[in-house]
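In: need coordinates for the following:
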Amino acid sequence: MISPDSYRTLTLPTRAPAPRRSAWHFRLAAAVAALLTAGAHGHADTRPIDAQRSTLTVHVYKSGLFSAFADNHVIKAPIASGSMSEEPPLRVELTVRAADLTVSDPDLSAERRAEVQTRMLGAEVLDTARFSDITFASTAIEPAGAEQWKVTGRLTLHGQSRVITFAVVRQEGRYRGDCEIKQRDFGIQPISIAGGTVKVKDEVKVEFDIVAQR
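Out: You can find the predicted model right below:
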């Protein structure tokens with residue numbers, strides 16, 4: 001028989017306490033989960049931009065008292081690389097090498113066209129020796145109707161980045177639209193000659209026709 005005093009010494013077996021998980025453990029688990037989620041949903045439908053079939057065209061317009069004696073300019077900007085996702089999350093990125101921009105004014109003589117080309121690529125405008133790339137990366141793409149979107153993103157030009165927003169429409173599998181930017185927003189002083197009586201406008205228009213590889 002167990003004496004009453006013996007009860008004081010009896011103890012019930014207890015479960016060992018679970019090991020405490022450190023904050024580092026939880027951070028690691030969260031990071032792994034985020035990577036798995038991104039891999040499953042983030043860029044599953046990303047496609048390269050078809051640089052051969054896509055175009056960027058820049059229109060520079062004349063102004064000033066004697067603008068009738070000046071020239072509007074049409075500039076081709078070949079896409080060096082880029083990618084886009086046509087499924088959520090929608091996004092687009094592209095890069096243009098500044099030195100690849102080409103003046104294609106059909107009404108200019110070859111000599112005059114070469115003059116404009118040299119000035120455009122030089123330190124006075126694009127300064128391609130210092131700023132080799134022009135890039136755009138979307139930050140938000142919102143539906144704006146059937147086969148239409150409002151695209152917002154960061155344009156980096158002449159070493160400076162600005163947020164721009166523009167409309168895009170899809171026609172026959174191609175994404176088309178245009179946007180207007182100001183040269184001064186990117187630290188570029190619009191060219192003027194003859195005391196400012198002949199010059200180009202601050203605003204330039206960029207037209208695009210983009211298609212993804214299939």
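
In: outside of the helix or strand hosting V60, which residues touch it?
Out: Applying DSSP states H and E as the criterion places V60 in strand 55-63. For strand 55-63, the surrounding residues in contact (Cβ atoms under 8 Å, 6 or more residues apart in numbering) are 70-79, 96, 101, 198-201, 203-209. Quick note: C-beta positions are derived from backbone N, CA and C, even for glycine.

In: report the beta-bridge partners for K182.
Out: Under the criterion DSSP bridges, K182 forms beta bridges with E203.

In: strands of the protein, residue ranges please.
Out: Assignment of strands within the chain using DSSP state E yields the ranges 46-48, 55-63, 73-76, 81-85, 91-97, 102-103, 133-143, 148-157, 160-171, 174-182, 192-193, 198-210.

In: quickly, which of these bottoms out on average pLDDT?
Out: Summarising mean pLDDT across these, the least confident stretch is strand 192-193, with a mean of 62.

In: how many residues are close by the residue nearest to R162 when sequence neighbours are not counted?
Out: Spatial nearest neighbour of R162, chain neighbours left out: D185 (5.3 Å); criterion: Cβ to Cβ, 6 or more residues apart in numbering. The criterion is other Cβ atoms under 10 Å. On that basis, D185 has 15 neighbouring residues.

In: could you measure from D185 over to I164?
Out: From D185 across to I164, the span is 9 Å (Cβ to Cβ, to the nearest Å).

In: same check on E207?
Out: According to Cβ to Cβ, E207 stands 14 Å off from I164.

In: bridging residues for D178?
Out: On the basis of DSSP bridges, D178 takes part in beta bridges with E207.

In: residues touching it, list them.
Out: D178 sits next to 166, 205-208 when contact means Cβ under 8 Å, 6+ apart.

In: please apply the same query to D100.
Out: Contacts here follow Cβ under 8 Å, 6+ apart; on that basis D100 touches 77-78, 80.

In: let's see that with 10 Å instead.
Out: Counting by Cβ atoms under 10 Å, 6 or more residues apart in numbering, D100 makes contact with 76-80, 121, 128, 134.

In: will you turn those into TSV that also has distance to R154 and neighbour count?
Out: What follows is the contacts of D100, written out as TSV (distance: Cβ to Cβ, whole Å; neighbours: other Cβ atoms under 10 Å):
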residue	distance to R154	neighbour count
K76	23	13
A77	17	20
P78	21	14
I79	17	20
A80	17	16
L121	23	19
T128	20	19
I134	12	22
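
In: will you turn these into JSON lines that also has distance to R174?
Out: What follows is the contacts of D100, written out as JSON lines (distance: Cβ to Cβ, whole Å):
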{"residue": "K76", "distance to R174": "17"}
{"residue": "A77", "distance to R174": "17"}
{"residue": "P78", "distance to R174": "17"}
{"residue": "I79", "distance to R174": "13"}
{"residue": "A80", "distance to R174": "19"}
{"residue": "L121", "distance to R174": "29"}
{"residue": "T128", "distance to R174": "29"}
{"residue": "I134", "distance to R174": "21"}
